[in-house]
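Undergrad: generate a structure from the sequence data that follows.
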Amino acid sequence: MTAELLYSKDHEWVRVESEGVALVGVTDYAAEQLGDVVYVDLPEEGAEVTAGTEMGEIESTKSVSDLFSPLTGSVTEVNQAVVDTPELVNSSPFEDGWLIRVSFAELPEDLLSAEDYQAFTAS
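TA: Numbers count the residues shown, from 1 in each chain. Below is the predicted model:
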């Protein structure tokens, strides 16, 4: 759990890097629930994503889950390292295991603070 990040109820995190640009990843909570991640399917660079809608899949030794975009915008970069080495989602969810970089116009109001996300996952 990282204090400067925002979180979705679908267990993705958002790190705003600069005005209108953010990294998106999967939380450590989600990675722990999934178990060992073996495959990640992400949108292509240039794809449009919409907050709250499916943007890809994540597969672990336990299950296959949909990935939901926490932002509406355009994918400006895909983390090829996580596609090639999906276990980065488990070993470094907030650093090397980020998924996509998104150019966005505004942050959705339903994103949670670290404190609120922690309370959400505890319930």
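Undergrad: buried set for stretch 70-85?
TA: Buried residues in stretch 70-85, counted by 16 or more other CB atoms under 10 Å: 70, 71, 72, 73, 74, 75, 78, 79, 82, 85. Yep, even glycine has a C-beta here, placed from its N, CA and C like the rest.
Undergrad: farthest pair in those residues?
TA: Largest separation among the buried residues of stretch 70-85 by CB to CB: 72 and 85, giving 28.4 Å.
Undergrad: quick one, what contacts the residue nearest to the spatial centre of the chain?
TA: Nearest to the geometric centre of the chain sits residue 25, at 2.5 Å (CA atoms, centre = their mean). By CB atoms under 8 Å, 6 or more residues apart in numbering, the contact set of residue 25 is 12, 13, 15, 89, 93, 94, 97, 98, 99.
Undergrad: check the offset of stretch 78-95 from the chain's centre.
TA: Put simply, stretch 78-95 sits 11 Å off its chain's centre (CA atoms, centre = their mean, to the nearest Å).
Undergrad: kindly check the end-to-end length of it for me.
TA: End-to-end distance for stretch 78-95, by CA to CA, to the nearest Å: 14 Å.
Undergrad: contacting residues around it?
TA: Contact partners of stretch 78-95, identified using CB under 8 Å, 6+ apart, comprise 2, 5, 13, 15, 25-28, 30-31, 34, 36-40, 42-45, 58-59, 96-101.
Undergrad: can you tell me which of these are in helices?
TA: Using DSSP state H, the subset of the contacts of stretch 78-95 located in helices is 28, 30, 31, 34.
Undergrad: just to check, residue 117 is in contact with residue 28?
TA: No. Using CB atoms under 8 Å, residue 117 is not in contact with residue 28, being 10.8 Å away.
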